[in-house]
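Participant: Next input, structure requested:
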Amino acid sequence: MAAPAIAGTTPSGESFFAIIKIELLEAGVWPTRAIAQAAIFEYIEGWCNTRRRHSTLGYLSPAAYEATATARPAVA
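Facilitator: I've put the predicted structure just below:
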């Protein structure tokens with residue numbers, strides 16, 4: 001049996017953390033950890049989960065992918 005994956009050790013996890021590092025963390029310095037956490041949360045919830053296209057989702061944004069998944073009729 002394989003060991004459980006640790007966050008950031010899968011290719012998609014590594015890609016995600018690399019993108020955050022390039023697009024967000026290298027763009028500025030935050031005075032406190034709480035402000036940095038809020039900036040990361042806003043980036044993920046405001047940009048990544050709504051508009052950024054992901055190759056693992058067929059180059060759709062998560063919001064568009066969910067919309068197409070919920071629009072399909074259930075297969076019985």
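
Participant: residues contacting the residue nearest the centre of the chain?
Facilitator: In the chain, the centroid-proximal residue (Cα atoms, centre = their mean) is Cys48; its distance is 5.0 Å. Applying Cβ atoms under 8 Å, 6 or more residues apart in numbering to Cys48 gives the contacts 16, 62. Quick note: C-beta positions are derived from backbone N, CA and C, even for glycine.

Participant: tell me the mean pLDDT over stretch 20-35?
Facilitator: What stretch 20-35 shows for mean pLDDT is 83.

Participant: What's the per-residue pLDDT of the residue nearest to the centre of the chain here?
Facilitator: Per-residue confidence (pLDDT) for Cys48: 73.

Participant: Please apply the same query to the one 3 residues further on.
Facilitator: Confidence per residue is given as pLDDT, and for Arg51 that number is 77.

Participant: I'd like to know how far the nearest residue to it once chain neighbours are set aside sits from Pro31.
Facilitator: Distance criterion Cβ to Cβ, 6 or more residues apart in numbering; nearest residue to Arg51, sequence neighbours excluded, is Ser61 at 5.3 Å. From Ser61 over to Pro31 the distance is 31 Å, taken as Cβ to Cβ, to the nearest Å.

Participant: Neighbour count for the two, which is higher?
Facilitator: Shown here are Ser61 and Pro31; by other Cβ atoms under 10 Å, Ser61 has more neighbours (17 against 7).

Participant: Would you enumerate the residues in contact with that one?
Facilitator: Contacts of Ser61 (Cβ under 8 Å, 6+ apart): 49-54.

Participant: Serialize those to TSV and add fields for neighbour count and distance to Thr10.
Facilitator: Formatted as TSV, these follow (neighbours: other Cβ atoms under 10 Å; distance: Cβ to Cβ, whole Å):
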residue	neighbour count	distance to Thr10
Asn49	14	18
Thr50	12	23
Arg51	11	23
Arg52	14	18
Arg53	12	19
His54	18	14
